[in-house]
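Enquirer: Okay, structure incoming, though there's no sequence with it:
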């Protein structure tokens, strides 16, 4: 056996082809490590923000409405199998609207959670495609401030089941960047309205259901992962 170890040492030391083989093997396994194996945990942070303006040109004046939206997602995930991850997320949404020529302003805030599953498929080196599914709940409250008209307060429960696909770049063994490119889902919401105008109060309820799909590059969102 001792002679066998000596022969193996000489074979590794003096054969150029074998050195190249070892180098190639080491690179392969270092890249495979980025695909994330069973037992790897992740902490994710997702941030998105958008601002839109609409201008209504009239003969006497120009009226502009501005809407600002921001969303934050903090999550934990676990690779239960190689390239198969399950996770949970905490959600926070905020929207501010300024309506000129109509309502003065409106603010909406929402809190919720989600559970999800994603499966990864290798493309080139450390770039992977993924498909996934998610179930989400969001509770939001909104208030319209209109001193010259009426105040409208709303409470909404939002439920959704979605399927999505996108790309993930495993930058290193610790960091990854991910974007969603396409999604489809079922959405259900129930809203309670409470309006106050001229010392009178009005209440109503509204239920909404939809099935929608976002095409390629629509609703672009990014997440940053820290893996350990």
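Expert: On my side now, so go ahead. Owing to the predicted nature of the structure, the values given are computational and were not obtained by experimental measurement.
Enquirer: going forward, measure contacts and count neighbours with C-alpha atoms only.
Expert: Fine.
Enquirer: what is residue 79 paired to in the beta sheet?
Expert: Per DSSP bridges, the residues bridged to residue 79 are residue 85.
Enquirer: which residues does it contact?
Expert: 36, 37, 38, 39, 40, 41, 85, 86 (CA atoms under 8 Å, 6 or more residues apart in numbering).
Enquirer: Just name the closest of those to residue 181, please.
Expert: residue 85 (18.4 Å; CA to CA).
Enquirer: measure the closest one to residue 125 for me?
Expert: According to CA to CA, to the nearest Å, residue 85 and residue 125 sit 19 Å apart.
Enquirer: which one of these two has more residues nearby?
Expert: A direct count of neighbours by other CA atoms under 10 Å for residue 85 and residue 125 places residue 85 higher, at 23 against 13.
Enquirer: can I see the domain layout of the chain?
Expert: Following automatic domain parsing, the chain resolves into domains at 1-34, 37-227.
Enquirer: Lowest average pLDDT across those domains?
Expert: Of all those, mean pLDDT reaches its minimum on domain 1-34 (a mean of 45).
Enquirer: Just list whatever residues bridge to residue 131.
Expert: Beta bridges link residue 131 to residue 119, residue 165 when assigned by DSSP bridges.
Enquirer: And the longest strand anywhere in the chain, what does it pack against?
Expert: Counting residues, the longest strand found in the chain (DSSP state E) is strand 175-197. Counting contacts by 3 or more CA pairs under 8 Å, 6 or more residues apart in numbering; DSSP states H and E, strand 175-197 packs against strand 151-169, strand 200-214, strand 221-227.
Enquirer: buried set for it?
Expert: Across strand 175-197, burial judged by 16 or more other CA atoms under 10 Å covers 175-185, 187, 189, 191, 193, 195.
Enquirer: Show me the strands paired with that strand, marking each as parallel or antiparallel.
Expert: strand 151-169 (antiparallel), strand 200-214 (antiparallel), strand 221-227 (antiparallel).
Enquirer: What residues of the shortest one count as buried?
Expert: The reference is to strand 221-227. 222, 223, 224, 225, 226, 227.
Enquirer: Who are the contact partners of the third one?
Expert: By CA under 8 Å, 6+ apart, residue 224 lies in contact with 44, 45, 46, 175, 176, 177, 178.
Enquirer: Surely the third one is within a helix?
Expert: What that stands for is residue 46. No: according to DSSP: H, G, I helix; E, B strand; the rest coil, residue 46 belongs to no helix; its state is strand.
Enquirer: Roughly how far does it sit from residue 75?
Expert: 8 Å.
Enquirer: and if you look at the second one?
Expert: Counting by CA to CA, the separation of residue 45 from residue 75 is 7 Å.
Enquirer: neighbour-wise, which of those two wins?
Expert: Each of residue 45 and residue 75 had its neighbours counted (other CA under 10 Å), and the higher figure belongs to residue 75 (20 against 16).
Enquirer: I'd say that one and residue 86 touch.
Expert: No: here residue 75 does not reach residue 86: they are 10.4 Å apart, not a contact under CA atoms under 8 Å.
Enquirer: and residue 36, helix, strand or coil?
Expert: Assignment for residue 36 (three-state DSSP): coil.
Enquirer: Number of residues surrounding it?
Expert: Neighbour number of residue 36 under other CA under 10 Å is 24.
Enquirer: Contact partners for it?
Expert: By CA under 8 Å, 6+ apart, the neighbours of residue 36 are 79, 82, 83, 173.
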